[in-house]
Every structure is written in C-alpha cells, then in structure tokens.
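Chemist: Fold the following, please.
(2 chains)
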There are 2 protein chains.
Amino acid sequence: MQSLTTGQYDLIYNAFSFGFATLAAATIFFWLGRSQVAPQYKTAMTITGLVTFIAAYHYFRISESWGLAFDVKDGVVTTTGYAFNQAYRYVDWLLTVPLLLVELILVMGLSRSETISRATRLGLLAALMIILGYPGEVAETVSARWFWGIASMIPFLWIVYELFSGLSKSIENQPEDARGLISAARYVVIGSWAFYPIVYFAGTVGMDGGTATVVIEVGYTIADITAKAVFGVLIFLIAVRKSQPYFDRQNAKVQPAE
Amino acid sequence: MQSLTTGQYDLIYNAFSFGFATLAAATIFFWLGRSQVAPQYKTAMTITGLVTFIAAYHYFRISESWGLAFDVKDGVVTTTGYAFNQAYRYVDWLLTVPLLLVELILVMGLSRSETISRATRLGLLAALMIILGYPGEVAETVSARWFWGIASMIPFLWIVYELFSGLSKSIENQPEDARGLISAARYVVIGSWAFYPIVYFAGTVGMDGGTATVVIEVGYTIADITAKAVFGVLIFLIAVRKSQPYFDRQNAKVQPAE
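Modeler: Sure thing, here's the model as predicted:
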C-alpha cells in the first residue's frame, strides 16, 4: 500500500469512527421513530434503520481493518503487510443501496402492485450497479477502473431515469405537505450518489497515493452518511407528516362527545 | 507525550471510565423515558439519548486510546509511542453539541417554522464553534491555541446571545410550571460550556505537563457529563411537566361518566 503521513492516517481513522458513531446513532433514531408513524409506514422506518445498522457494522469493521493495516508509532506510519479490506464497502452497498430505494418506495404509500414492481426493478438495478463497480475498485490498472466504472453507470442512469420520470406522476398524488420532502429525498439520493463516481475516479487523475486515499476514504464516508443517515431523516419526516391524519383520527375516536 | 505520575494516569483513566458509565446509564434513562412524555416530545427524548449515546461511545474509545498510549508497570508510567487520540472529543462534539441545542428547541414545542429556523441556525453555529476550536487543541504553539480558541469564541458568543435574547420571548410563552426549568436548562448550557474554554486554555498558563493533562482530561469529562447527562435530565423534567395536560386529556377520555 501507498505511504501515508500520520495526519492522513488520522484523518481517515477519525472519519471512519465518525461514520460509525453517526450511523449507529441514526439507527436508534429511526427505530425509536417507528412509534411516531402510522402502521403503514412502520416497515419504511424499520428498513431505514436497517440500512444505517448494516452501514454502522461495516464502518466498525472498516476501522478495525484500517487499524490492522498500519502501525503508527512515534509519529511514523508503516504498513503491516495486512491488506485493508476494500470489499466491506461493496458488501455494505450490495445490501444497503437496494434497501435505500425500497425505503423511498415504501414511504410513498403506493398501491401494493406498484410498490412490488418498482421496488423489485429499482432494487435489482441497484445491485447490478454495485456488482459492476467492484472489479474496477480493486483493479490494478486505470483502464480497468474506467471500464467497470462506466459499465456501472448504465444501471445508475437507469435508476435516475426511474426516479425522475417514473416516479413524477406518483409524487403529484402525494399529500401537499409531504410532496416537497419526497422530491427533496430524490435529490438527496441522486446528489449523494453522484458523489460516489467522483470519488471512484479520483484515484485515476494523477494525485499522489496518500492524497488519493484520503479523498476516496473520506469522500465515501461523507457520501454514505448523506445517502443513509441524512436521507433517512427525510424519510422519517415524510412518514411523520403523512401519519398526521391517522393520529388525528385516533384522537378523534377516543374523545367523548361534549 | 509529557510524563505522568501513576496517580495522574489513574485519575484520568478512572475519570474516563466514570464518564462512560454515567453517559451510558443516562442514555437508557432518556430512551426509557420516551414512554412517559406526550407524542410531541418523544423526538426530544430520542435526541437527548442520542447525545449521551454518542458521548458514551467516544468515552469508551477515549479510554481505549488512553490505555494504548501508556504502559503502567511496577508503579512507573512510560509512553508506548502510540499517540492518544485527541480527535475523539472533537468528533463527539461536532455531533453532540448541535444535537444538544436541537433538544432544547424541540422541548420548547415552538411552531414548525420557528423550530426549523432556530435549530438550523444554532446547529450550524455550534458546528462552526467546534471546527474552529480543533486546530488550537492540536497546535504545537501557545499562540496558535489562543488564536483558534478566540476564533471559536465568536460563534460561542453568538449562541449565548441567541439563547438569551432570541429565546426570551418564546420562554415567556411556555406553561408556567415549565418556564423556570427551561430557563435553568439555558444556564446549564452556558455554565457547562463556559467550563470548556477554561479547560482549553489551562495548558497555556504555565502548569507542568502532567498537571495540565489532568486538568484538561478530567475537566472536559466533568463538563461533558454536565452538558449532556445533567442537561438531559432537565430536558426530561421539562417534557414530563409539559406532557401533563396531554395525559390528563387521555385519562378524561377513557374514564366512564359516573
């Protein structure tokens, strides 16, 4: 592995720890939040928390693997010979990225058949996107990285098309005070996902090894927190707003006629 | 790193363990307390527990890092060459300090628009305060510590102004029996926060290395417990008092007419 300064090593280590703490805290927030949404949105909140839970687990493993790959003593960073496991990120994404899209579909409260068909299609496209990206991430050559990266962009663009063209009509049917948030959630997905290819190709544009490693590891961490925790908070707010009529009805029921 | 006596090493180690135990226990207290408050205060209790959860995680890591940095054998403390990770505290504060202010805003039960604008402004100012403090904490020179410390005081003073001037009118609109507690919560924020700059600058006033380290590490621990756990208990008491009318209504509803 490339050589790092202690500052670079520490920055990446602390970004991983920050990622773990944020994602673990977000998980609890989403699961406790289940009691604040109507029954039809509880599964959406469960899955929102699963996404951050799976990611928190992987950040814990990633930071362990990072600690094993380097020895930092008396201000000098040396490699130990144990490889830093890049695959944790891809195993994580293979699970969490399809689930992220399922969250968004579930919180929209579409018909059962539309929910199943959209969730299946978006989930499979997301899995394909991750699977095609991995060979490029671990490739030895820049050209292989570009080849697989571009292959992975095809399902990515298809997902973008689905979210913007396919979902537009469904968004118009959402309650007015949730419509803006659902549209914003789509932009958070696309905005944070657009960050991944930038990070992915960062290693190919002639930065030195240490700087490229910082950009990749810190960049992915920021993108993961945005795509999972920040996106999840939007899903929670959407679910809470859409649950209001349910709770109003509940309260009306138990109130005695005066 | 500076040399420590075994007494100094032990005092700091035990303070970290005390910090972990207190913050972990507080977390459970706040999350279990969710069921004792009205629906509109549940998010405030969730976040109060998130703050102590994130802090407990960091105290666990801090005490691990402290154990790795020193070897204490046969009554002699030697450094191992592995650095004590100062960044854990700042990563913690970057997450918890904005959330602390969000707790206070949420428990006040302001309108949706006032909640969003106040929480956003206070959260960003708090994050800025932490980011500006960090370069001074790890600085090699006393003058750099003073420069960043003073820079960090600008958003701090702005937060104090917001809490005392901006929130005063909103506090007047609070139910009478919660007003005193909300006002007290503000003083706990300011009082415990005022402690941080004292600790921050303690290393610059000519104490020897070991004494300065004790003041800094034990001082930050006491300040963290006050600002997160003690402050959280006040938030819980406020939420419970403000929930009383909700539970009175619920009881009136289900009670049979006699």
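
Chemist: tally of neighbours for A:Ser143?
Modeler: Residues lying near A:Ser143 (other Cβ atoms under 10 Å in any protein chain shown) number 11. C-betas here are computed from N, CA, C, even on glycine.

Chemist: List the buried residues of stretch A:42-51.
Modeler: By 16 or more other Cβ atoms under 10 Å in any protein chain shown, the buried positions in stretch A:42-51 come out as A:Lys42, A:Ala44, A:Met45, A:Ile47, A:Thr48, A:Gly49, A:Leu50, A:Val51.

Chemist: Which elements pack onto the least confident helix or strand in chain A by mean pLDDT?
Modeler: The least trusted helix or strand in chain A, going by mean pLDDT, DSSP states H and E, turns out to be helix A:168-172, with a mean of 81. When contacts are defined as 3 or more Cβ pairs under 8 Å, 6 or more residues apart in numbering or on different chains; DSSP states H and E, helix A:168-172 packs onto helix A:176-202.

Chemist: which parts of the stretch 1-150 of chain A sit against chain B?
Modeler: A:6, A:10, A:13-14, A:17-18, A:20-22, A:24-25, A:28-29, A:32-33, A:35-36, A:72-75 (Cβ under 8 Å from any Cβ of the partner chain).

Chemist: Mind checking which of those residues are buried?
Modeler: Among the residues of the stretch 1-150 of chain A next to chain B, those that count as buried by neighbour count (16+ other Cβ under 10 Å) are A:6, A:10, A:13-14, A:17-18, A:20-22, A:24-25, A:28-29, A:32-33, A:36, A:72.

Chemist: May I see the buried residues of the helix or strand hosting A:Arg241?
Modeler: For A:Arg241, the enclosing helix or strand under DSSP states H and E is helix A:231-254. For helix A:231-254, the neighbour count (16+ other Cβ under 10 Å) marks A:231-243 as buried.

Chemist: rewinding a little: tabulate the buried residues of stretch A:42-51 (CSV), appending pLDDT and secondary structure.
Modeler: What follows is those, written out as CSV (pLDDT from 0 to 100; DSSP: H, G, I helix; E, B strand; the rest coil):
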residue, pLDDT, secondary structure
A:Lys42, 96, helix
A:Ala44, 95, helix
A:Met45, 97, helix
A:Ile47, 97, helix
A:Thr48, 97, helix
A:Gly49, 98, helix
A:Leu50, 98, helix
A:Val51, 97, helix
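
Chemist: So what does A:Val37 have for phi and psi?
Modeler: phi -120, psi 160 (degrees, to the nearest 10).

Chemist: Would you tell me what the next helix or strand after the helix or strand containing A:Ile54 is?
Modeler: Per DSSP H and E, A:Ile54 falls inside helix A:42-69. Beyond helix A:42-69 on the C-terminal side, the first helix or strand identified by DSSP H and E is strand A:70-73.

Chemist: What is that following strand packed up against?
Modeler: Packed next to strand A:70-73, using 3+ Cβ pairs under 8 Å, 6+ apart, are helix A:6-33, strand A:76-79.

Chemist: List the pairing partners of that strand within its sheet, with orientation.
Modeler: Sheet partners assigned to strand A:70-73 using DSSP bridges are listed as strand A:76-79 (antiparallel).

Chemist: Residues touching the partner strand, excluding its own?
Modeler: For strand A:76-79, contacts defined as Cβ atoms under 8 Å, 6 or more residues apart in numbering or on different chains pick out A:Met1, A:Ser3, A:Leu4, A:Thr5, A:Thr6, A:Gln8, A:Tyr9, A:Ala69, A:Phe70, A:Asp71, A:Val72.

Chemist: Looking at the nearest residue to A:Leu167 once chain neighbours are set aside now. What's its pLDDT?
Modeler: Counting by Cβ to Cβ, 6 or more residues apart in numbering or on different chains, A:Leu167 lies nearest to A:Arg186, which is 7.0 Å off, once chain neighbours are set aside. According to the model's per-residue confidence, A:Arg186 sits at a pLDDT of 85.

Chemist: thinking A:Arg186 is in contact with A:Ser168, fair?
Modeler: No - using Cβ atoms under 8 Å, A:Arg186 is not in contact with A:Ser168; the gap is 9.4 Å.

Chemist: More neighbours: which of the two?
Modeler: When neighbours are counted by other Cβ under 10 Å, A:Arg186 comes out ahead of the other of A:Arg186 and A:Ser168, with 18 against 11.

Chemist: which stretches of chain A have low pLDDT?
Modeler: In the predicted model, chain A carries pLDDT under 70 at residues A:1-2, A:203, A:206, A:254-258.

Chemist: A:Gly109 and A:Arg241: what is the separation?
Modeler: In this structure, A:Gly109 lies at 12 Å from A:Arg241, with Cβ to Cβ, to the nearest Å as the measure.

Chemist: closest to A:Ser65 out of the helices and strands packed on strand A:70-73?
Modeler: helix A:6-33 (9.3 Å; Cβ to Cβ).

Chemist: Run the angle between that closest one and helix B:42-69 for me.
Modeler: 150 degrees (axes from the mean of the first three to the mean of the last three Cα atoms, to 10 degrees).

Chemist: now for helix A:6-33, which elements pack on it?
Modeler: Contact partners of helix A:6-33 among helices and strands, from 3+ Cβ pairs under 8 Å, 6+ apart: helix A:42-69, strand A:70-73, strand A:76-79, helix A:209-224, helix A:231-254, helix B:42-69, helix B:87-108.

Chemist: One more pass at 6 Å, please.
Modeler: Under the contact criterion of 3 or more Cβ pairs under 6 Å, 6 or more residues apart in numbering or on different chains; DSSP states H and E, the helices and strands touching helix A:6-33 comprise helix A:42-69, strand A:70-73, helix A:209-224, helix A:231-254, helix B:42-69, helix B:87-108.

Chemist: could you redo these as a markdown table and give each row distance to B:Arg121?
Modeler: A markdown table is the format used below for the helices and strands packed on helix A:6-33 (distance: least, Cβ to Cβ, whole Å):
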| stretch | distance to B:Arg121 |
| --- | --- |
| helix A:42-69 | 26 |
| strand A:70-73 | 39 |
| helix A:209-224 | 23 |
| helix A:231-254 | 18 |
| helix B:42-69 | 17 |
| helix B:87-108 | 9 |
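
Chemist: closest to A:Asp177 out of these?
Modeler: With respect to A:Asp177, and counting by Cβ to Cβ, the nearest of those is helix A:231-254 at 5.4 Å.

Chemist: And the contacts of that closest one?
Modeler: Contacts to helix A:231-254, defined as Cβ atoms under 6 Å, 6 or more residues apart in numbering or on different chains, come from residues A:26, A:30, A:33, A:36-38, A:41, A:44, A:48, A:103, A:107, A:177-178, A:181-182, A:185, A:188, B:253.

Chemist: Now, of those, which are buried?
Modeler: With burial judged by 16+ other Cβ under 10 Å, the buried subset of those is A:26, A:30, A:33, A:36-38, A:41, A:44, A:48, A:103, A:107, A:178, A:181-182, A:185, A:188.

Chemist: Looking at the residues you listed, which is nearest chain B?
Modeler: Chain B lies nearest to A:Gln36 out of the buried ones among the contacts of helix A:231-254, by Cβ to the nearest Cβ, at 5.8 Å.

Chemist: rewinding a little: now the residue nearest to A:Leu167: how far from A:Gln174?
Modeler: The spacing between A:Arg186 and A:Gln174, counted by Cβ to Cβ, is 12 Å.

Chemist: for A:Val77, same thing?
Modeler: Using Cβ to Cβ, we find A:Val77 at a distance of 51 Å from A:Gln174.

Chemist: List phi and psi for A:Leu4.
Modeler: Main-chain torsions, A:Leu4, degrees, to the nearest 10: phi -130, psi 150.

Chemist: pretty sure it is touching A:Gly209, no?
Modeler: No - when contacts are counted by Cβ atoms under 6 Å, A:Leu4 is not listed as touching A:Gly209 (8.0 Å).

Chemist: Neighbour count: those two, which is higher?
Modeler: A:Leu4 (21 against 13).

Chemist: what's the distance between that one and B:Thr22?
Modeler: As for A:Leu4, its distance to B:Thr22 is 36 Å (criterion: Cβ to Cβ).

Chemist: for A:Asp224, same thing?
Modeler: Note on A:Asp224: its distance to B:Thr22, by Cβ to Cβ, is 31 Å.
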